[in-house]
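Participant: turn this into a model:
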Amino acid sequence: SVGKLLRSFRHRGLAVPRLDRFGEVVWRTPTDSIISRILKNPAYAGAFVYGRTRSCGATYANGKTITTRRPMEEWKVIVKDRYPAYIGWADFERIQAMLRDNHAEYVRNRTRGVPRDGAALLQGIVWCGRCGHKMAVEYKNANRYVCNFLQRSQGGPLCQHLPADPIDAQVVAAFFATVSQEELEAWQRAQDTRRQTEDALDRAEAQQVERLRYQALLAERQFNRVDPDNRLVASELEHRWEAALRELREAEEALTLHRASRTQPDALTSEERDNFLALGSQLPAIWHQAGMDRSQKKALLRCLIEKVILHRTSPERIDIRIVWRGGEVSEAQVEPKVYALHALSRAADMQARMLELARQGLTDAEVANVLTSEGYRSPRCHHVLARTVQVFRQRHRVLRGASRTHPRHIPGWLTMSELARRLQVSRGWIEHHVRNGTIVIVRDVAAKRYLFPDTKKTIDVLKKLRLGKIDHINFVTSTSK
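Facilitator: Prediction:
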């Protein structure tokens with residue numbers, strides 16, 4: 001990208017030539033606009049062109065006509081090999097394509113965008129299979145691909161809102177299955193390119209040192225030729241000479257430092273090359289190494305993938321179409337999580353089948369296995385869980401073999417619920433008097449609950465307590481007041 005190139009230039013202290021207002025060549029600190037204009041200028045590819053812009057039919061406030069750039073295929077005149085070329089025309093066209101791709105204006109320019117460090121691996125190459133627009137990335141709460149073009153342009157609802165993680169995993173698996181040994185040979189070409197880039201940067205730094213050395217010698221000659229009586233002129237030339245010497249020293253030190261720290265790209269022996277080409281099966285392990293950051297993974301995917309088209313056909317299914325470079329298309333499906341049983345498209349059939357099997361006496365695990373074999377699934381899994389069967393069965397009161405820890409009725413005794421029904425009072429009324437000590441009773445250890453004697457006397461004393469005729473009952477000593 002232009003930004004990365006700018007950072008590289010500034011890191012190495014390289015300047016770029018510009019013309020000043022007198023037509024003289026001056027060397028300036030590079031900016032993104034300067035580098036962008038150089039890269040987009042066809043003269044550096046040796047070509048004369050005409051018709052790169054067209055009038056918009058309007059003017060600025062100062063009267064100047066407003067123009068807009070034409071795409072390269074609409075340029076009126078292109079004369080190649082007109083000037084000495086810095087790069088070939090094919091390289092110039094490739095650079096223009098890279099600049100267009102790196103310009104991340106998703107809908108207006110329909111470009112892929114430069115690979116960034118976000119968690120979504122398909123950023124910039126994902127398209128909506130429903131409306132056909134490019135999908136954006138959302139990292140709020142979870143990683144998602146969002147088609148929000150119609151919402152932004154027309155105020156409508158979101159077209160699609162899809163989870164990114166399962167989609168990325170499916171596309172990466174398809175990428176691993178597609179990569180062959182021939183693609184891995186690109187590593188050697190990348191090493192050659194890196195070596196050529198390092199050599200070119202080294203030559204550029206050496207040329208800059210030579211230019212600064214010439215400027216220092218020129219400043220020295222100018223200072224030596226000046227009349228000493230012209231003190232102001234001599235002082236200014238001396239200042240220029242000192243500045244030129246300072247810049248020369250800094251450039252020489254930077255060149256020496258870069259050459260000392262430069263690492264040569266590794267060269268492979270024939271044995272190492274054979275081992276390297278055999279790494280196709282180990283590519284997944286390399287992918288998950290700590291040294292592979294997200295931007296590198298995205299760039300690796302883009303080497304083979306042109307775009308990915310997503311379409312949610314049902315709540316629990318997303319269809320994926322992968323368009324590979326060269327025109328081949330492959331299809332896959334993802335079953336994302338849903339958060340309720342009724343959100344599944346076959347939820348009604350599954351529930352009816354679940355109750356049918358449960359009423360036949362099958363256990364929850366057996367019902368889950370049968371449903372899984374018939375193609376059903378739980379909301380958050382790709383198979384049916386026994387817990388899903390249990391919850392739904394109990395919700396519909398399909399109970400079987402239910403055993404109670406404590407029986408409902410113990411002969412000769414009344415539980416608190418049974419006593420409340422006999423007295424026609426709430427259970428809370430009895431619990432309140434037990435807590436405040438009005439009714440003294442001890443919890444039965446075996447039954448793990450309060451047990452009252454199932455006698456007429458118990459009912460009578462509790463009725464008196466309810467009517468306020470007595471204020472205390474003690475079932476521990478079987479006496480009352």
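
Participant: Arg21 sits in which helix or strand?
Facilitator: Arg21 is part of no helix or strand when elements are defined by DSSP states H and E.

Participant: quick check: next helix or strand after the lengthiest helix in the chain?
Facilitator: Looking across the chain with DSSP state H, the single longest helix is helix 186-225. Sequence order places helix 231-261 as the next helix or strand after helix 186-225, per DSSP H and E.

Participant: taking helix 186-225 as reference, get the angle to that next one.
Facilitator: 160 degrees (axes from the mean of the first three to the mean of the last three Cα atoms, to 10 degrees).

Participant: helix 231-261: how far from the chain's middle?
Facilitator: Mean-position distance between helix 231-261 and its chain equals 47 Å (Cα atoms, centre = their mean, to the nearest Å).

Participant: do stretch 447-459 as well
Facilitator: The mean C-alpha position of stretch 447-459 is separated from the chain mean by 66 Å, Cα atoms, centre = their mean.

Participant: Glu374 contacts Glu356, correct?
Facilitator: No: using Cβ atoms under 8 Å, Glu374 is not in contact with Glu356, being 11.7 Å away. Any C-beta I mention is one placed from the backbone N, CA and C, and that applies to glycine too.

Participant: that older thread, buried stuff in the longest helix of the chain?
Facilitator: 188, 201, 205, 208-209, 211-213, 215-216, 219-220, 222-223 (16 or more other Cβ atoms under 10 Å).

Participant: distance to Ala173 and pLDDT added to the residues you listed, as a markdown table?
Facilitator: Shown next, in a markdown table, are the buried residues of helix 186-225 (distance: Cβ to Cβ, whole Å; pLDDT from 0 to 100):
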| residue | distance to Ala173 | pLDDT |
| --- | --- | --- |
| Gln188 | 26 | 64 |
| Leu201 | 39 | 83 |
| Glu205 | 45 | 86 |
| Gln208 | 48 | 87 |
| Val209 | 51 | 88 |
| Arg211 | 53 | 88 |
| Leu212 | 54 | 88 |
| Arg213 | 57 | 89 |
| Gln215 | 59 | 87 |
| Ala216 | 61 | 89 |
| Ala219 | 64 | 86 |
| Glu220 | 67 | 86 |
| Gln222 | 69 | 85 |
| Phe223 | 70 | 84 |
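
Participant: return the member of these nearest to Phe92.
Facilitator: Closest approach to Phe92 among those (Cβ to Cβ): Leu201, at 20.1 Å.

Participant: ok, the closest one - contacts?
Facilitator: By Cβ atoms under 8 Å, 6 or more residues apart in numbering, the contact list for Leu201 reads Ser8, Arg12, Leu14, His258.

Participant: narrow those to those in helices?
Facilitator: Using DSSP H, those in helices are Ser8, Arg12, His258.

Participant: quick one: low-confidence ranges for the stretch 101-250 of the chain?
Facilitator: 102-114, 153-156, 179-191 (pLDDT under 70).

Participant: recalculate using a threshold of 80.
Facilitator: Flagging of the stretch 101-250 of the chain using pLDDT under 80 yields the residue ranges 101-118, 150-157, 177-195, 228-229, 231.

Participant: also the stretch 251-400 of the chain?
Facilitator: By pLDDT under 80, the weakly predicted segments of the stretch 251-400 of the chain are 259-286, 288-291, 303-304, 315, 325-328, 337-347, 379-382, 399-400.

Participant: now do Glu138 against Lys337, distance only.
Facilitator: With the distance defined as Cβ to Cβ, to the nearest Å, Glu138 ends up 17 Å from Lys337.

Participant: so these two - more neighbours on which side?
Facilitator: Counting neighbours by other Cβ atoms under 10 Å for Glu138 and for Lys337 shows that Glu138 has the greater number, 17 against 13.

Participant: state the helix or strand in which Val308 lies.
Facilitator: Per DSSP H and E: Val308 is located in strand 305-314.

Participant: quick one: buried residues of that strand?
Facilitator: For strand 305-314, burial by neighbour count (16+ other Cβ under 10 Å) applies to Ile305, Lys307, Val308, Ile309, Leu310, His311, Arg312.

Participant: what is the following helix or strand past that strand packed up against?
Facilitator: Remark: after strand 305-314, the chain's next helix or strand is strand 317-324, criterion DSSP H and E. For strand 317-324, the elements it packs on are helix 164-178, strand 305-314, strand 329-334, judged by 3 or more Cβ pairs under 8 Å, 6 or more residues apart in numbering; DSSP states H and E.

Participant: buried stuff in the first one?
Facilitator: Pointing back at helix 164-178 there. Buried residues in helix 164-178, counting neighbours by 16+ other Cβ under 10 Å, are found at Ala164, Ile167, Asp168, Gln170, Val171, Val172, Ala174, Phe175.

Participant: geometric centre of this protein: which residue is closest?
Facilitator: Among the residues of the chain, Ala120 comes closest to the average C-alpha position under Cα atoms, centre = their mean, at 2.0 Å.
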